[in-house]
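Chemist: Sharing a model that was predicted from the sequence below.
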Amino acid sequence: MEAAPAGRALIVIDVQAGFDDPSWGRAGNPEMEGNIDRLLGAWRRLGLPVVFVRHDSDEEGSPLAAGTAGNRLKVAGEPDLLVTKKVHSAFYGRPDLDRWLQERGISRLAICGIATDHCCETTARMAGDLGYEADLVLDATRAFDRRTPAGVAVSAEEVAQRTAASLHEEFCRVVSTDQLLAELD
């Protein structure tokens, strides 16, 4: 095992089978899974903590409903912590993510997963507000095509870029997988 940069954790949010459901619309970034695998490999090689977050929806008919096939995580291996939630932010899940991180002296978070503009963005905003140094690993997240209230189509790629523009250097740093892995070396 290599020497680990202290105080870091990887937060992998809602990479669940239910997001393959066509009801979400067209998904962007087909490289997300491969980039998350690369991040997981580096974190595990360095002995750094990995947190998986799972959305346990209580909405009737949700593809992410607890106890359904769609609720299954699609990431390999066991996390150091599994957080379950019913809302957007991983900081409102169980067990208490903030407490767990604080107890371990973790101050820098790398955030990835689904959806870029929902749970990843909300978690990154809260991380910044709670005083963490957060990195949103944009090419290790996935967004979906959306429509504005006026009905204007916004592609998944545009959604991701707008999220990046809104967050970068305000709530977190927006980085690529390659950039973050180079920093870990």
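Modeler: Cool, got the structure. Nothing here was measured: the structure is a model prediction, and the numbers come from that model. Numbers count the residues shown, from 1 in each chain.

Chemist: Correct me if wrong, but residue 30 is in a helix.
Modeler: No: Residue 30 is assigned coil when assessed by DSSP: H, G, I helix; E, B strand; the rest coil, not a helix.

Chemist: wait, what's in contact with it?
Modeler: For residue 30, the contact set (C-beta atoms under 8 Å, 6 or more residues apart in numbering) is empty. No exception for glycine: its C-beta is placed from N, CA and C like everyone else's.

Chemist: which phi and psi does it have?
Modeler: When quoted as degrees, to the nearest 10, the phi and psi of residue 30 stand at phi -70, psi -10.

Chemist: Which stretches in this structure count as strands?
Modeler: Ranges of strands in the chain, per DSSP state E, are 8-13, 50-55, 81-85, 108-114, 133-142, 146-147, 153-154, 173-175.

Chemist: strands paired with the second one, and their directions?
Modeler: Strand partners for strand 50-55, identified by DSSP bridges, are recorded as strand 8-13 (parallel), strand 81-85 (parallel).

Chemist: Next: the longest one.
Modeler: Strands adjacent to strand 133-142 in the sheet, as given by DSSP bridges, are strand 108-114 (parallel), strand 173-175 (parallel).

Chemist: Buried residues, it. List them.
Modeler: Buried residues in strand 133-142, counted by 16 or more other C-beta atoms under 10 Å: 134, 135, 136, 137, 138, 139, 140, 141, 142.

Chemist: of all those residues, which comes closest to residue 171?
Modeler: Of all the buried residues of strand 133-142, residue 171 sits closest to residue 134, with 7.0 Å by C-beta to C-beta.

Chemist: Does the closest one touch residue 168 like I think?
Modeler: No: between residue 134 and residue 168 there is no contact under C-beta atoms under 8 Å: 10.9 Å.
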